[in-house]
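S.K.: What would the 3D arrangement of this be:
(one chain, ligands or ions: 1)
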Amino acid sequence: MTEHADSATVAARMERRWGTVSIGIILALVFMAAYIGVHQGVMPQPRVETVDPRTLHIAGEFIESNLGTAAEPDGSVTVRAIGQQYSFTPQCIVVPADTQVTIRATSADVIHGFLIEHSNVNTMLVPGYISTIVTRFPAPSERLMPCHEFCGAGHEGMWGRIKVINKAAFAKLAADQRRMTCVAQ
Ligand code: CUA
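M.R.: Here you go, the predicted model:
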């Protein structure tokens with residue numbers, strides 16, 4: 001009988017211990033999510049926008065001539081891009097430093113990842129939906145933009161680049177182009 005009571009006590013103690021550990025893990029994850037949200041400005045997008053992946057190339061916002069970076073009247077820029085097996089269009093995105101950048105992107109086939117290193121840009125491109133993310137790059141730099149969601153046999157070769165140039169150089173580009181990329185450079 002005493003042996004039985006002892007093992008019940010031990011079991012209760014172990015349960016409490018594991019209960020504390022799992023609550024600790026949950027609290028740590030909640031803290032991480034809150035910290036990243038506040039510190040890096042990573043937020044879910046405010047509304048869901050859909051797009052038909054079968055007609056992306058025929059009409060609408062994501063036709064090829066509309067992809068790349070557009071200068072907006074309010075001084076910000078909008079980048080439009082597509083992910084497809086196994087590349088991004090455009091492959092090289094050019095944006096001005098110290099400027100609000102709104103990225104709008106979608107997928108033409110399967111789910112791809114969209115991440116720009118050393119920035120708050122980290123999202124997925126889901127066929128049928130437009131991913132929108134707002135960011136700002138403090139200074140001229142070059143960054144890699146890997147697909148970080150497994151999307152098929154060629155996934156590991158799916159990379160793009162972001163080129164952040166100074167505002168004056170960007171204004172010069174914008175003076176004679178409606179949509180800018182750095183693909184040819
Ligand atoms: Cu596209 Cu992985």
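
S.K.: Beta-bridge partners for residue 78, please?
M.R.: Per DSSP bridges, the residues bridged to residue 78 are residue 70, residue 102.

S.K.: Hmm, residue 70 and it touching each other?
M.R.: Yes: the criterion here is CB atoms under 8 Å, and residue 78 meets it with residue 70 at 4.9 Å. (Glycine included, C-beta is placed from N, CA and C.)

S.K.: Look up the residues that both of those two are in contact with.
M.R.: Shared contacts of residue 78 and residue 70, defined by CB atoms under 8 Å, 6 or more residues apart in numbering, are absent.

S.K.: And residue 156, how close does it get to residue 53?
M.R.: Taking CB to CB, to the nearest Å as the measure, residue 156 falls 23 Å from residue 53.

S.K.: Tell me which of the two has more neighbours.
M.R.: Comparing residue 156 with residue 53 by other CB atoms under 10 Å, the one with more neighbours is residue 53, at 19 against 11.

S.K.: quick one, what contacts the closest residue to the more buried one other than its chain neighbours?
M.R.: Residue nearest to residue 53 in three dimensions, not counting chain neighbours: residue 127, with 4.2 Å by CB to CB, 6 or more residues apart in numbering. With contact taken as CB under 8 Å, 6+ apart, residue 127 is in contact with 53, 106-111.

S.K.: what do you get if the cut-off is 10 Å, keeping everything else the same?
M.R.: 51-54, 56, 83-84, 106-112 (CB atoms under 10 Å, 6 or more residues apart in numbering).

S.K.: Nearest to residue 23, out of those residues: which one, please.
M.R.: residue 111 (32.9 Å; CB to CB).

S.K.: Tell me the predicted confidence for that closest one.
M.R.: As predicted, residue 111 sits at a pLDDT of 96.
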